[in-house]
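# Attaching a predicted model along with its sequence, questions to come.
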Amino acid sequence: MSENSTVADSMSTLRERAANALDESRIAGAARTVATTTTTVVRESALYRWLTAEPDPEIIVIDLRDTRTVGPFITVLTRVVGWLAPIYRESVLADGVTALGALLAWVADTQAGGALAALFEPPATPADDAAAQTEGEPPDRDAE
């Protein structure tokens, strides 16, 4: 057995141990929880539903992939992302992003994280037309 194969076997064993430790770690579990929760929240959001809704039949839809201006850019972007995605999944950067997600989830559970999240929440909307009238806005008759 050569020295190169021994080093390769050691590296393979080390990589397997690191992968097993990462899979069983609390940080990785928290990161998976964050990813699952984020996916659920995004898919249930109004913006996601609006973006994925069936188009109104009276609206003309233009496929930008067929245009001369945007089409080539979208083609190149699609190919680059398709090529880079598998490389990213196996990278140290992906592991770092996962760990950062777990750290952010932990910070969000603290009092400081809750206060910071409250700063970025949008203001409450009026419950009905009466509340809007008290602020000097006319009632929305189209909503009826």
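Received, thanks.
# Next SSE downstream of the helix or strand containing residue 81?
Residue 81 is part of helix 71-89 when elements are defined by DSSP states H and E. Per DSSP H and E, the first helix or strand lying C-terminal to helix 71-89 is helix 92-108.
# follow-up on the earlier one: and the helix holding residue 81, how far out from the chain middle?
The chain centroid and the centroid of helix 71-89 are separated by 17 Å under CA atoms, centre = their mean, to the nearest Å.
# quick one, that helix and helix 92-108 angle?
80 degrees (axes from the mean of the first three to the mean of the last three CA atoms, to 10 degrees).
# I'd like the C-alpha coordinates of helix 71-89 written as CSV, please.
What follows is helix 71-89 as a C-alpha-only set of coordinates in CSV (Å, rounded to 0.1, in the frame of the first residue of the first chain):
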residue,chain,number,x,y,z
GLY,A,71,-33.6,36.0,-22.6
PRO,A,72,-29.9,35.5,-23.0
PHE,A,73,-29.2,36.7,-19.5
ILE,A,74,-31.8,34.3,-18.1
THR,A,75,-30.3,31.4,-20.2
VAL,A,76,-26.8,32.2,-18.9
LEU,A,77,-28.0,32.6,-15.3
THR,A,78,-29.9,29.3,-15.5
ARG,A,79,-26.8,27.4,-16.7
VAL,A,80,-24.5,29.0,-14.2
VAL,A,81,-26.8,28.3,-11.2
GLY,A,82,-27.3,24.7,-12.5
TRP,A,83,-23.6,24.3,-12.6
LEU,A,84,-22.8,25.9,-9.2
ALA,A,85,-25.6,24.4,-7.1
PRO,A,86,-24.1,21.0,-6.7
ILE,A,87,-20.7,22.5,-6.0
TYR,A,88,-22.2,24.8,-3.3
ARG,A,89,-24.0,22.0,-1.6
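# what's that helix packed up against?
Using 3 or more CB pairs under 8 Å, 6 or more residues apart in numbering; DSSP states H and E as the contact test, no helix or strand touches helix 71-89. From N, CA and C alone the C-beta is placed, and that goes for glycine too.
# please redo it, this time with the cut-off set to 10 Å
Under the contact definition 3 or more CB pairs under 10 Å, 6 or more residues apart in numbering; DSSP states H and E, helix 71-89 sits against helix 92-108.
# Great, nothing more from me.
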